[in-house]
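Chemist: can you look at this prediction? I've put the sequence above it.
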Amino acid sequence: LQGVEEEGLDPIRATLDGKEVRCATCGGHLGDLFNDGWIYRGTSAAKTGKRYCIDGAALIFKPEDGGEDVFGDVPPPNRVIKYEQSMYRDA
């Protein structure tokens, strides 16, 4: 995916545990990537072998009709979020 970086893992660990997927711009956690997409017949995951499990909070839906953006899950207003630098990103 464009604008996304994947954690570098061997294929076995990537299939069982999944690779971490982060934003290539800010390093924020987006979700995980599994190499078991072939199980999901009839989907784009079956064609690529990659199944992305993206956290709802990372999603922003942009309506084709130009309507207002729809954001995925958002944290409660009182919650403080601590962002961490990507472990495998060049500093």
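Modeler: Good, I have the coordinates.

Chemist: which SS class is Ala45?
Modeler: Here Ala45 is helix, with the state taken from DSSP: H, G, I helix; E, B strand; the rest coil.

Chemist: hmm, Gly37 and it touching each other?
Modeler: Yes - using C-beta atoms under 8 Å, Ala45 makes contact with Gly37 at a distance of 3.2 Å. Where you see a C-beta, it was placed from the backbone N, CA and C, and this is true even at glycine.

Chemist: now do the shared contacts for the two.
Modeler: Common neighbours of Ala45 and Gly37, using C-beta atoms under 8 Å, 6 or more residues apart in numbering, are Arg51.

Chemist: wait, doesn't Leu33 sit right on Cys53?
Modeler: Yes - applying C-beta under 8 Å as the test, Leu33 and Cys53 come out as touching, 7.4 Å apart.

Chemist: export stretch 65-73 to CSV, keeping only CA atoms.
Modeler: What follows is stretch 65-73, C-alpha atoms only, in CSV (Å, rounded to 0.1, in the frame of the first residue of the first chain):
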residue,chain,number,x,y,z
ASP,A,65,-19.7,12.5,-3.7
GLY,A,66,-17.4,14.9,-2.0
GLY,A,67,-19.3,14.7,1.3
GLU,A,68,-17.8,15.1,4.7
ASP,A,69,-15.0,12.6,5.7
VAL,A,70,-16.1,9.8,8.0
PHE,A,71,-13.5,8.9,10.7
GLY,A,72,-13.1,5.4,12.1
ASP,A,73,-13.0,4.8,15.8
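
Chemist: in that stretch, what counts as buried?
Modeler: By neighbour count, and taking 16 or more other C-beta atoms under 10 Å as the criterion, stretch 65-73 has no buried residues at all.

Chemist: strands along this structure, start to end?
Modeler: Taking DSSP state E, the strands of the chain run over residues 4-6, 19-23, 29-34, 51-54, 60-61, 70-71.

Chemist: which neighbours do Leu33 and Cys53 share?
Modeler: When contacts are counted by C-beta under 8 Å, 6+ apart, Leu33 and Cys53 are jointly contacted by Gly18.

Chemist: quick one, which of the two is more surrounded?
Modeler: For Leu33 against Cys53, the residue with the higher neighbour count under other C-beta atoms under 10 Å is Leu33, and the figures read 21 against 11.
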